[in-house]
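S.K.: Here's a sequence, model it:
(chains A and B)
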Number of protein chains: 2
Amino acid sequence: MFEKTAIAGVGLIGASVALALKKNRITKTVCGFGRNETNLKNARARGIIDDYALNLKDLAGGADLVVLAAPVRAFKALADGIAPYLKKGAIVTDVGSVKGALVYEMDSAMPQGVAFVGAHPIAGNDKSGIDAADPDIFIGAKCVITPTAVTDKAACQTIISMWERLGSKIEILSPERHDEILSSISHLPHIAAYALVNTVQELNPGFFNYSGPGFMDTTRIAMSSPEIWRDICILNKDNIIKHLIAYKQQLELITAYMNELDWTSLTYEFEKSSDVRKKLRDERNNSNNEDK
Amino acid sequence: MFEKTAIAGVGLIGASVALALKKNRITKTVCGFGRNETNLKNARARGIIDDYALNLKDLAGGADLVVLAAPVRAFKALADGIAPYLKKGAIVTDVGSVKGALVYEMDSAMPQGVAFVGAHPIAGNDKSGIDAADPDIFIGAKCVITPTAVTDKAACQTIISMWERLGSKIEILSPERHDEILSSISHLPHIAAYALVNTVQELNPGFFNYSGPGFMDTTRIAMSSPEIWRDICILNKDNIIKHLIAYKQQLELITAYMNELDWTSLTYEFEKSSDVRKKLRDERNNSNNEDK
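M.R.: A predicted model of the protein is given here:
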């Protein structure tokens, strides 16, 4: 049980973590921090946070746990800003979608006696902001923990136990492996969705009127925050470019089969994809999740 | 009110049309036809169809309305097969996702006194089969009617009125325009989703374990029938190849901005996409539909 949890960035994930920590009695109080005081006031009024700080000293002072839930590009400044005020034994963690170099920067920014543990709960959706906050979005979701050679083992175990109590399934990965995997399964699909919307927009915006449920599903994540996804592209550039090339090759393969009228090979590609995706749906259904 | 409606192909859409026609008292009886007698028996047992035919003579004989709801590649053989048995004044229509040359073939296949009216209800999802049949999937959905120069005007009006009574919003398009639009807004997204799954599968099938709700949404339509989508690729090849090229250009644009570290342009692309997609969601919400 933590006495004081500090959450830097009270958006969808930050607010959901706050609610989940309180619901599961993992923290006594939650103190929020963010650029927008109106948002913090709203979060307090709704009981998502107990109070908020307007400077990093008030945020970090006395905190047992600090959760970085701001856009990833703000992490370095936040870590540097809270470092002087962190008490010995405090744990700093995050919920960022990119790990890689960032985790090593965080390790370096921590003062003596304070541990950083990288974490990435794979939850959330196209929504953003505290209106969509939900303490249960982590239940059944994966949470990737990315320890490094210098990560304090006890602190790492505390963060693992915390996410397990929030209902998540833990996976341990190196920061580099995390970024490679998430590039393929999350970052690439976001770019594919953004590009799909822009393709139709360039062809003829009137065509959107004919979109059915399939188009809406496929492009739902194109509503995600452009700034957050720009930052992810900056921080995971090499993996994403590699996977964009792999994706274009798959599209070129299909185009080639169509040009060559090789309908057998085309059908094989569609069958392979359909079988794999149905298997994934069935696995999710069997683990008592919807197809989500 | 039709006395007898014949439905060739009792899958998700065929069965949903059957249920919707009966629910809205547009037909007295529905006779089904398909390759799989067990499926037809099930459909009859559930009251989706009143009876079924094992040959095209029994299906078409006495029918006022024939709905082609089989995979599009079967349309020509079905039209030729029912032609000798159609009574004067009967109307043949379809629910196919591709129009183009097919509509003219259907026009030519009709005997004297029988009208063909092409139609495409933009409804359905990744599911298939009668288990997912639902008379209400057409409510609020668009239905594209694709008359040609020879389409009988009264028959066309009958089909329009029928779809309006099923709750659909009618759009009239030439077969060619229909195929161009649907290529961009439906056929391209299906291929994008198939290719996305195959990209991850080629990189490392283990990566699927880390997929979140965004990946599941984006690739849901990759569960669609490979055979149906192969046929759509065959029949709408030129539009789809053109739109695949346009899509690859959008992906290359994003790749180039990332390689050039041009994060301002990248953000602009993401913002454009996000704004357009949110506007589309809001339009759907305002017309009392979910984001579906």
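S.K.: From here on, just use CA atoms for contacts and neighbour counts.
M.R.: Noted.
S.K.: Skipping adjacent residues, who's closest to residue A:142 in space?
M.R.: Closest residue to residue A:142 apart from its sequence neighbours, by C-alpha to C-alpha, 6 or more residues apart in numbering or on different chains: residue A:169 at 4.6 Å.
S.K.: for that neighbour, what are its contacts?
M.R.: Under the criterion of C-alpha atoms under 8 Å, 6 or more residues apart in numbering or on different chains, the contact partners of residue A:169 comprise A:140-143, A:163.
S.K.: likewise residue A:133?
M.R.: When contacts are counted by C-alpha under 8 Å, 6+ apart, residue A:133 is found next to A:11-13, A:15-16, A:19.
S.K.: swap in residue A:42?
M.R.: Taking C-alpha under 8 Å, 6+ apart as the definition of contact, residue A:42 has no neighbours.
S.K.: Remind me which helix or strand it belongs to.
M.R.: With secondary structure defined by DSSP states H and E, residue A:42 is part of helix A:37-45.
S.K.: what distance separates the helix or strand following that helix from the centre of its chain?
M.R.: Counting by DSSP H and E, the element after helix A:37-45 in chain order, helix or strand, is strand A:51-52. Taking C-alpha atoms, centre = their mean, to the nearest Å, one finds strand A:51-52 lying 24 Å from the centre of the chain it belongs to.
S.K.: from the middle of its chain, how far away would the very next helix or strand once past strand A:51-52 be?
M.R.: Helices and strands here follow DSSP H and E; after strand A:51-52, the next one along the chain is helix A:56-60. Using C-alpha atoms, centre = their mean, we find the averaged C-alpha position of helix A:56-60 to lie 24 Å away from the chain's own average C-alpha position.
S.K.: any idea how far whatever residue of the stretch 1-150 of chain A ends up closest to chain B lies from residue A:145?
M.R.: The minimum distance from the stretch 1-150 of chain A to chain B, using C-alpha to the nearest C-alpha, falls at residue A:122 (5.8 Å). The gap separating residue A:122 from residue A:145 is 11 Å, by C-alpha to C-alpha, to the nearest Å.
S.K.: which parts of the helix holding residue A:42 are buried?
M.R.: Buried residues in helix A:37-45, defined by neighbour count with 16 or more other C-alpha atoms under 10 Å in any protein chain shown: A:39-41, A:43-44.
S.K.: pLDDT and distance to chain B added to those residues, as a markdown table?
M.R.: Shown next, in a markdown table, are those (pLDDT from 0 to 100; distance: C-alpha to the nearest C-alpha, whole Å):
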| residue | pLDDT | distance to chain B |
| --- | --- | --- |
| A:39 | 97 | 22 |
| A:40 | 97 | 25 |
| A:41 | 97 | 27 |
| A:43 | 97 | 24 |
| A:44 | 97 | 28 |
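S.K.: phi, psi of residue A:144?
M.R.: For residue A:144, the backbone dihedrals (degrees, to the nearest 10) come out as phi -90, psi 130.
S.K.: give me the number of residues near residue A:227?
M.R.: The local packing count at residue A:227 equals 17, with neighbours defined by other C-alpha atoms under 10 Å in any protein chain shown.
S.K.: tally of neighbours for the residue in the stretch 101-250 of chain A positioned nearest to chain B?
M.R.: Proximity to chain B, evaluated over the stretch 101-250 of chain A using C-alpha to the nearest C-alpha, is greatest for residue A:218 at 3.8 Å. When counting by other C-alpha under 10 Å, one arrives at 30 neighbours for residue A:218.
S.K.: cool, and residue A:149?
M.R.: By other C-alpha under 10 Å, 9 other residues sit near residue A:149.
S.K.: Ramachandran angles for it?
M.R.: The phi/psi pair for residue A:149 (degrees, to the nearest 10) reads phi -60, psi -30.
S.K.: The stretch 51-200 of chain A: helices as residue ranges?
M.R.: When assigned using DSSP state H, counting those that start in this stretch, the helices of the stretch 51-200 of chain A occupy the ranges A:56-60, A:75-82, A:101-109, A:153-165, A:175-182, A:188-203.
S.K.: List the buried residues for the third one?
M.R.: To tie it back to what came earlier, the one meant is helix A:101-109. Within helix A:101-109, the residues scored as buried using 16+ other C-alpha under 10 Å are A:102-104, A:106-107, A:109.
S.K.: For the spatially most central residue of chain A, give me its contacts.
M.R.: Centroid-nearest residue in chain A: residue A:97, 3.9 Å away (criterion: C-alpha atoms, centre = their mean). Applying C-alpha under 8 Å, 6+ apart, we find residue A:97 in contact with A:72, A:120, A:182, A:232.
S.K.: so which of these also contact chain B?
M.R.: Taking C-alpha under 8 Å from any C-alpha of the partner chain, the overlap between these and the neighbourhood of chain B is residue A:182.
S.K.: who wins for neighbours among the contacts of residue A:97?
M.R.: Top of the contacts of residue A:97 by neighbour count (other C-alpha under 10 Å): residue A:182, with 24 neighbours.
S.K.: Can you tell me the closest non-neighbouring residue to it?
M.R.: Distance criterion C-alpha to C-alpha, 6+ apart; nearest residue to residue A:182, sequence neighbours excluded, is residue B:210 at 7.3 Å.
S.K.: OK, contacts around the one you found?
M.R.: Residue B:210 sits in contact with A:122, A:142, A:181-182, A:185, where contact means C-alpha under 8 Å, 6+ apart.
S.K.: Distance-wise, check residue A:145 relative to residue A:246.
M.R.: Separation of residue A:145 from residue A:246 (C-alpha to C-alpha) stands at 27 Å.
S.K.: These two: which has the busier surroundings?
M.R.: For the pair residue A:145 and residue A:246, the greater number of neighbours falls to residue A:145 (27 against 20), based on other C-alpha under 10 Å.
S.K.: Report the beta-bridge partners for that one.
M.R.: Under the criterion DSSP bridges, residue A:145 forms beta bridges with residue A:119, residue A:172.
S.K.: residues contacting it?
M.R.: Shown here is residue A:145, whose contacts under the criterion C-alpha under 8 Å, 6+ apart are A:117-120, A:160, A:170-173.
S.K.: Can you lay out those as JSON lines showing pLDDT and distance to residue B:7?
M.R.: JSON lines is the format used below for those (pLDDT from 0 to 100; distance: C-alpha to C-alpha, whole Å):
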{"residue": "A:117", "pLDDT": "98", "distance to residue B:7": "61"}
{"residue": "A:118", "pLDDT": "98", "distance to residue B:7": "58"}
{"residue": "A:119", "pLDDT": "98", "distance to residue B:7": "55"}
{"residue": "A:120", "pLDDT": "97", "distance to residue B:7": "51"}
{"residue": "A:160", "pLDDT": "98", "distance to residue B:7": "57"}
{"residue": "A:170", "pLDDT": "98", "distance to residue B:7": "51"}
{"residue": "A:171", "pLDDT": "97", "distance to residue B:7": "51"}
{"residue": "A:172", "pLDDT": "98", "distance to residue B:7": "54"}
{"residue": "A:173", "pLDDT": "98", "distance to residue B:7": "54"}
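S.K.: Quick check on these: which are buried?
M.R.: Among those, those that count as buried by neighbour count (16+ other C-alpha under 10 Å) are A:117-120, A:160, A:170-171, A:173.
S.K.: Give me the buried stretch members for stretch A:196-216, please.
M.R.: The neighbour-count check on stretch A:196-216 (16+ other C-alpha under 10 Å) flags A:196-201, A:207-208, A:210-216 as buried.
S.K.: Just the CA atoms of the helix or strand harbouring residue A:239, as PDB, please.
M.R.: Residue A:239 is part of helix A:237-259 when elements are defined by DSSP H and E. Extracted as PDB, the C-alpha positions of helix A:237-259 are listed here (Å, rounded to 0.1, in the frame of the first residue of the first chain):
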ATOM      1  CA  LYS A 237      11.600   5.600 -35.900                       C
ATOM      2  CA  ASP A 238      13.900   2.800 -37.000                       C
ATOM      3  CA  ASN A 239      11.500   0.000 -36.100                       C
ATOM      4  CA  ILE A 240       8.500   1.700 -37.600                       C
ATOM      5  CA  ILE A 241      10.300   2.500 -40.800                       C
ATOM      6  CA  LYS A 242      11.400  -1.200 -41.000                       C
ATOM      7  CA  HIS A 243       7.800  -2.300 -40.500                       C
ATOM      8  CA  LEU A 244       6.300   0.200 -42.900                       C
ATOM      9  CA  ILE A 245       8.600  -1.300 -45.600                       C
ATOM     10  CA  ALA A 246       7.500  -4.800 -44.600                       C
ATOM     11  CA  TYR A 247       3.900  -3.700 -44.800                       C
ATOM     12  CA  LYS A 248       4.400  -2.100 -48.200                       C
ATOM     13  CA  GLN A 249       5.900  -5.400 -49.500                       C
ATOM     14  CA  GLN A 250       2.800  -7.200 -48.400                       C
ATOM     15  CA  LEU A 251       0.600  -4.700 -50.300                       C
ATOM     16  CA  GLU A 252       2.900  -5.000 -53.300                       C
ATOM     17  CA  LEU A 253       2.600  -8.800 -53.200                       C
ATOM     18  CA  ILE A 254      -1.100  -8.600 -53.300                       C
ATOM     19  CA  THR A 255      -1.000  -5.900 -56.100                       C
ATOM     20  CA  ALA A 256       1.400  -8.200 -58.100                       C
ATOM     21  CA  TYR A 257      -0.900 -11.200 -57.800                       C
ATOM     22  CA  MET A 258      -3.800  -9.100 -59.000                       C
ATOM     23  CA  ASN A 259      -1.800  -7.800 -62.000                       C
END
